[in-house]
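Visitor: pasting the structure only:
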């Protein structure tokens, strides 16, 4: 039930504003930030931030602000160049792999663009550029093609079964 209530509060800017408003009201009525944080399921420093923003800017301080987040490491021009690179086959660019993966993209960014990104961040880049994950089919080392054909569950087309 507690989780559902928190999700309901988080669903809109207005409900988050009301939540902050109630928190600040309780602090104004003499409750400690620690008590309010415990009741609201927030961290005490969050409640302190709400009170501080209310003191500085009034009700506007409790409204949702613009969240810019961390700036992108790739500018628009580099983004477009990289997208062209990823649409090319890795072997055409000089790599020994058949498919792009996070590790290869990280290496490519470091070598071609002097940009350091981790493998996981490179995997996110693929998704944000609209690429889907593809994995090569595993190849069994030293497999015997004749033994593989004999082992298959389905019979080859065109042959009748012996009954």
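Guide: Yes, it's here. Keep in mind it's a predicted model, so treat the numbers as computed, not measured. Residues are numbered from 1 along each chain as shown.
Visitor: any idea which helix or strand carries the residue most central in space within the chain?
Guide: The residue at the geometric middle of the chain, judged as the C-alpha nearest the mean C-alpha position with C-alpha atoms, centre = their mean, is residue 124 (5.8 Å). Element membership of residue 124, judged by DSSP states H and E, is helix 119-128.
Visitor: helix or strand right after that helix?
Guide: Toward the C-terminus from helix 119-128 - assigned by DSSP H and E - lies helix 145-151.
Visitor: Show the average pLDDT along that following helix.
Guide: Taken as a whole, helix 145-151 carries a mean pLDDT of 77.
Visitor: ok, now stretch 50-62?
Guide: Stretch 50-62 comes out at a mean pLDDT of 93.
Visitor: Can you tell me what sits against stretch 117-129?
Guide: In this structure, residues lying in contact with stretch 117-129 by C-beta atoms under 8 Å, 6 or more residues apart in numbering are 73, 82-83, 86, 100-103, 105-106, 109, 132-133. For the C-beta atoms, the positions are set from N, CA and C on the backbone; glycine is no exception.
Visitor: Try it again at 7 Å.
Guide: Contact partners of stretch 117-129, identified using C-beta atoms under 7 Å, 6 or more residues apart in numbering, comprise 73, 83, 86, 102-103, 105-106, 109.
Visitor: Report the buried residues of it.
Guide: Along stretch 117-129, these residues count as buried under the neighbour rule (16 or more other C-beta atoms under 10 Å): 117, 122-123, 125-126.
Visitor: Could I get these in TSV, plus columns for pLDDT and distance to residue 21?
Guide: Compiled in TSV, the buried residues of stretch 117-129 are given as follows (pLDDT from 0 to 100; distance: C-beta to C-beta, whole Å):
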residue	pLDDT	distance to residue 21
117	92	40
122	92	42
123	91	40
125	91	39
126	90	42
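Visitor: what comes up buried for the lowest-mean-pLDDT helix or strand in the chain?
Guide: Taking mean pLDDT, DSSP states H and E as the measure, the helices and strands of the chain show their lowest mean at helix 145-151, namely a mean of 77. Neighbour-count burial for helix 145-151 flags no residue at all (criterion: 16+ other C-beta under 10 Å).
Visitor: now swap in stretch 85-99 and tell me
Guide: Neighbour-count burial for stretch 85-99 [16+ other C-beta under 10 Å]: 85-86, 90.
Visitor: how does this structure divide into domains?
Guide: The chain breaks down into these domains under automatic domain parsing: 2-62, 76-128.
Visitor: what about the shortest one, distance to the chain center?
Guide: Domain 76-128 has its average C-alpha position 17 Å from the chain's average C-alpha position, going by C-alpha atoms, centre = their mean, to the nearest Å.
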